[in-house]
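Colleague: sequence and predicted structure are below.
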Amino acid sequence: MYGSEGDWVRLFRRSSGYIRTELYQDVNNPHRFVTTDLWISKVHRDTFRKERAEEFELLDKECASLTETEQFLGDFLVQTPHTPDHI
């Protein structure tokens, strides 16, 4: 469901602003994972969430049994040599 070819990625790929999803497993707790979804911009992600809200909610409910807890960590920028210093 959460991997690079899982159901979430198939849903996200319906948006032109989606880049990729990465799934990380905690080396000290094999039952703990972090996913990162990369988008061209927050606007692209937010637009996707509005346009696909019903599909997103249905898939989230379908995956509920796979998670004990879920926590949004925030919106982050990828720092590159071309990222302005004032961000």
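Modeller: Yes, it's here.
Colleague: okay, and the beta partners of the residue sitting nearest the centre point of the chain?
Modeller: By C-alpha atoms, centre = their mean, the chain has its centre lying nearest to Asp37, at 3.0 Å. On the basis of DSSP bridges, Asp37 is bridged to Thr21.
Colleague: would you agree it is in contact with Leu23?
Modeller: No: using C-beta atoms under 8 Å as the test, Asp37 is too far from Leu23 to be in contact (10.2 Å). C-beta coordinates here come from the backbone N, C-alpha and C atoms, glycine included.
Colleague: now the strands: where do they sit in the chain?
Modeller: Counting by DSSP state E, the chain has strands at residues 18-25, 33-39.
Colleague: could I get those as JSON lines with distance to Glu5 and mean pLDDT?
Modeller: Shown next, in JSON lines, are these (distance: least, C-beta to C-beta, whole Å; pLDDT from 0 to 100):
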{"stretch": "strand 18-25", "distance to Glu5": "9", "mean pLDDT": "92"}
{"stretch": "strand 33-39", "distance to Glu5": "13", "mean pLDDT": "92"}
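Colleague: with distance to Cys63 added, can I get the ones you listed in a markdown table?
Modeller: Converted to a markdown table, the strands of the chain look like this (distance: least, C-beta to C-beta, whole Å):
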| stretch | distance to Cys63 |
| --- | --- |
| strand 18-25 | 13 |
| strand 33-39 | 11 |
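Colleague: for Lys61, which of those strands is the nearest?
Modeller: Nearest to Lys61 among those is strand 33-39; the distance by C-beta to C-beta comes to 17.2 Å.
Colleague: residue boundaries of the helices in this protein?
Modeller: 7-12, 42-51, 53-62 (DSSP state H).
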